[in-house]
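> Sequence and computational prediction follow.
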Number of protein chains: 2
Amino acid sequence: MAVTIRDVARVSGVHVSTVSRALTAAHLVKPETRARVLAAADQLGYRPNRAARALSTRRTGNLGLIVADIANPFFPPLLKAAQAQARARDYHVFIADTDEQARVEEELVHSMAKQVDGAVLVAPRLTDSAIASLAEELPLVVVNRRLRGVPGVLMDVGAGARSAVEHLLGLGHREIALVSGPGRAWTSGEIERAAGGIADEHGVLIQRIGPNAPTEEGGRAAAEEVVASGATAVLAHNDLMAFGLARRAAELGVDVPGDLSVVGVDDSHLARYSTPALTTVNMPVAEAGRSAVDLLLQAVAPGGSTGTVSLETALVVRDSTAPPRRDDAAG
Amino acid sequence: MAVTIRDVARVSGVHVSTVSRALTAAHLVKPETRARVLAAADQLGYRPNRAARALSTRRTGNLGLIVADIANPFFPPLLKAAQAQARARDYHVFIADTDEQARVEEELVHSMAKQVDGAVLVAPRLTDSAIASLAEELPLVVVNRRLRGVPGVLMDVGAGARSAVEHLLGLGHREIALVSGPGRAWTSGEIERAAGGIADEHGVLIQRIGPNAPTEEGGRAAAEEVVASGATAVLAHNDLMAFGLARRAAELGVDVPGDLSVVGVDDSHLARYSTPALTTVNMPVAEAGRSAVDLLLQAVAPGGSTGTVSLETALVVRDSTAPPRRDDAAG
DNA sequence: GAGATTCTTGCAAACGTTTGTAGTCAGACC
DNA sequence: GGTCTGACTACAAACGTTTGCAAGAATCTC
């Protein structure tokens, strides 16, 4: 039924091994022969069977992309970029959604292991040691997780959080709250550390609220505590939470940014679309997706090197931050 | 290195073929033998090599998911649901992004053909005949495209558009515009036909504006024409466009919904997040993703049947629609 | 112009499974 | 007690590639 290398061999009058070489190791066959083979392949519409190739070479030409939640707006641009990069390198990508569950994440790596040359774990929820042990089974690259021995792509969210707090301090805020996300995420720790550090330098204490689910609901849930705390500004773990927080605050009669400045993290499209448009930390997700794939491909290649790339983030000031009200500052 | 069926055979003291059968055709081996084999497999951490299995059975256990733009908020929930459904059926999914290019779509089907048992084309940009010819090469399911001979999942966007127009008519609008999307999309035609039909019944003429790119920019671009047309209400091809349109209208000093009611299509999260929250036609995308996978799996199965499933849509009324201003109606 | 290289190609084994065929064994049947 | 049946298992070929090895042809070297 399907046309195989054998058919091509017959039509072009050479042995299958010659066809194979003509296709994958051009310099090993005489140019004229190669031309004949290619012509035959083209004429027959031959496409190599990657499963057979994989069996023989032990390389599948496939990559895995494992994320916590495809529908979370943070991920799609990353997936898109990673997929495009992989395709440019002639790799296909499997995608899998863990539904935020560490156990599923682990199981997915196992079940993919024989089908891919390596996998990218985006913002993994697993423990460091679990990831390290998976990495022995399959070449892995992590995004937004620092792990010795495992190549990673880090977006410098700490620097972004620092800029965000500096921005708030510069506006005159002295009562700043931090609504944190899931304890397990690497970004949570980075944000807290950086925000705390810069606030310290200015003799300001940041109130931490949370942890919360990294969703709009999580943000809403934190809103009352934020308002009650008397904070005039708040930095949220991500845009979704910032958005939920701002919405809930509005319902409580608190004006954003008049009474409360809100800063998010991610710069998802949400940030531009919401009203007021969200001041947020831009994450270079597309770049991260590309880098992750490149790193993985390097790690997988014969003389595979392993490294970590760090990407810069930047604060994007929009309409959800403003100086605190005089009376607030006085009270 | 990796543990194969051969290792399992050695440890459990049987032939490889027995191991194979113990794993895939339980009734063909004696229960005790099977238990021994399973124990050995478990102990060794054996995982079947799917490439080898694929070579032998000619079934890969993989599915392809091809979409125009992963980052367009319409797709991720569909991808998520499809992926989950596939996983529940023990299939893995390849994902690919065509960047809205028909040629890429075609090439992707070709390059996936040998690696998957079938593919889902979501809102394809190809012509009917191109899809039909691809369908001979590989079992295909289309989403939001009607094509004889190719199973499909259709979201009844026509009914949704009809409800939307009825809603606007009910509010008292008589000057209604339709901002259409890409001419190639099936949904474009459906919306136009349905909207035109119901308006006709009420003796109202709908002004068609476009076609435009199905993006925020496309919506912005159409805004001036909409405003100039004197329409008091507008139905946009999708939420992104509705959103861009509303934003641009606001910039032009046109109040939404006071001066102009805006209705979108998709009910992406964007609709809930924007201000004013968008009245829009809800599309059952998760359901569509699941159905598409089920349909594909049916088509691929031995006695494969082929069918079309149609899913209902529903108008969701939010804050972007209101009765027309008196003076407008009078003018 | 003979030996040494280098090219070019064919042969056959291997990758890890599945599966058709055939063999063994125990029990049933008469 | 011999034959038949059915349950169970081993054998070996096949799936479509790649690749080490070897052989023959062509080219080079002196």
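Noted; the coordinates are in hand.
> what separates the residue in the stretch 151-300 of chain A that DNA strand D sits nearest to from DNA strand C, distance-wise?
Taking CB to the nearest atom of the strand as the measure, the point where the stretch 151-300 of chain A comes nearest DNA strand D is residue A:300, at 14.4 Å. Just so you know, the C-beta spots here come from the backbone N, C-alpha and C atoms, and that holds for glycine as well. Distance, residue A:300 to DNA strand C, by CB to the nearest atom of the strand, to the nearest Å: 18 Å.
> try residue A:107
Residue A:107 is 18 Å from DNA strand C, by CB to the nearest atom of the strand.
> what about that residue, how many neighbours?
Look at residue A:107: counted by other CB atoms under 10 Å in any protein chain shown, it has 14 neighbours.
> any idea what residue A:257 is structurally, helix, strand or coil?
Here residue A:257 is coil, with the state taken from DSSP: H, G, I helix; E, B strand; the rest coil.
> quick one: contacts for it?
Neighbouring residues of residue A:257 by CB atoms under 8 Å, 6 or more residues apart in numbering or on different chains: A:276, A:319-322.
> hmm, try it at 6 Å
Neighbouring residues of residue A:257 by CB atoms under 6 Å, 6 or more residues apart in numbering or on different chains: A:320-322.
> The residue of the stretch 151-300 of chain A closest to DNA strand D: how many residues sit nearby?
Per other CB under 10 Å, the neighbour tally for residue A:300 reads 17.
> phi, psi of it?
Dihedral pair for residue A:300: phi -80, psi -30, per degrees, to the nearest 10.
> So for the residue most central in space within chain A, what's the pLDDT?
Central residue of chain A (CA atoms, centre = their mean): residue A:122, 4.6 Å from the mean position. pLDDT for residue A:122: 96.
> domain ranges for chain A?
The record's domain split for chain A, according to automatic domain parsing, is A:5-48, A:62-155+A:286-306, A:157-283+A:316-330.
> contact partners of stretch A:69-76?
Outside stretch A:69-76, the residues that touch it by CB under 6 Å, 6+ apart are A:67, A:97, A:100, A:266, A:268, A:270, B:70-71, B:76-77, B:79-80.
> quick check, nearest of those residues to residue B:218?
Minimum distance to residue B:218 across the contacts of stretch A:69-76 is 15.2 Å, recorded for residue B:71 (CB to CB).
> correct me, but residue A:289 touches residue A:80?
No - if you go by CB atoms under 6 Å, residue A:289 and residue A:80 don't touch, sitting 7.2 Å apart.
> Which one's more surrounded, those two?
Higher neighbour count among residue A:289 and residue A:80: residue A:289, with 27 against 22, using other CB under 10 Å.
> Tell me the secondary structure at the residue in the stretch 151-300 of chain A that chain B sits nearest to.
Closest residue of the stretch 151-300 of chain A to chain B, CB to the nearest CB: residue A:275 (3.4 Å). Here residue A:275 is recorded as coil under three-state DSSP.
> What number of residues are in the vicinity of it?
16.
> What of the one 4 residues further on?
When counting by other CB under 10 Å, one arrives at 26 neighbours for residue A:279.
> which ones are touching it?
Contacts of residue A:279 (CB under 6 Å, 6+ apart): A:263, A:317-318, A:320-321.
> any idea how far residue A:325 is from DNA strand D?
70 Å.
> How about residue A:288: what's its closest non-neighbour residue?
residue A:153 (5.0 Å; CB to CB, 6 or more residues apart in numbering or on different chains).
> what's near enough to touch that neighbour?
Contact partners of residue A:153, counting by CB under 6 Å, 6+ apart, are A:143, A:288, A:291-292, A:309.
> Report the helix or strand with the lowest average pLDDT across chain A.
In chain A, the helix or strand scored least confidently by mean pLDDT, DSSP states H and E is helix A:326-330, which has a mean of 52.
> Distance to residue B:207 for the contacts of residue A:153 - can I get that in TSV?
Supplementary listing: the contacts of residue A:153 in TSV, determined by distance: CB to CB, whole Å:
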residue	distance to residue B:207
A:143	47
A:288	44
A:291	48
A:292	47
A:309	52
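> If you rank those residues by neighbours, which is first?
residue A:292 (29 neighbours).
> distance of that one from residue A:150?
12 Å (CB to CB, to the nearest Å).
> tell me which parts of chain A are close to DNA strand C?
Contact residues, chain A versus DNA strand C (CB under 7 Å from any atom of the strand): A:13-18, A:21, A:27-34, A:52, A:55-56, A:58.
> List the ones among those that fall in strands.
Nothing among the residues of chain A next to DNA strand C maps onto strands, per DSSP state E.
> re the thing from before, specify the local secondary structure of the residue nearest to residue A:288.
strand.
> ok, what's across the strand from it?
Beta-bridge pairing for residue A:153 (DSSP bridges): residue A:143, residue A:309.
> related to what we said a few turns ago, okay, the contacts of residue A:279 in a markdown table with neighbour count next?
As requested, the contacts of residue A:279 are exported to a markdown table (neighbours: other CB atoms under 10 Å in any protein chain shown):
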| residue | neighbour count |
| --- | --- |
| A:263 | 31 |
| A:317 | 15 |
| A:318 | 17 |
| A:320 | 25 |
| A:321 | 25 |
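> Closest one to residue A:250 out of those residues, please.
residue A:320 (11.2 Å).
> Now do the same contact list for that closest one.
By CB under 6 Å, 6+ apart, the residues touching residue A:320 are A:256-257, A:262, A:276, A:278-279.
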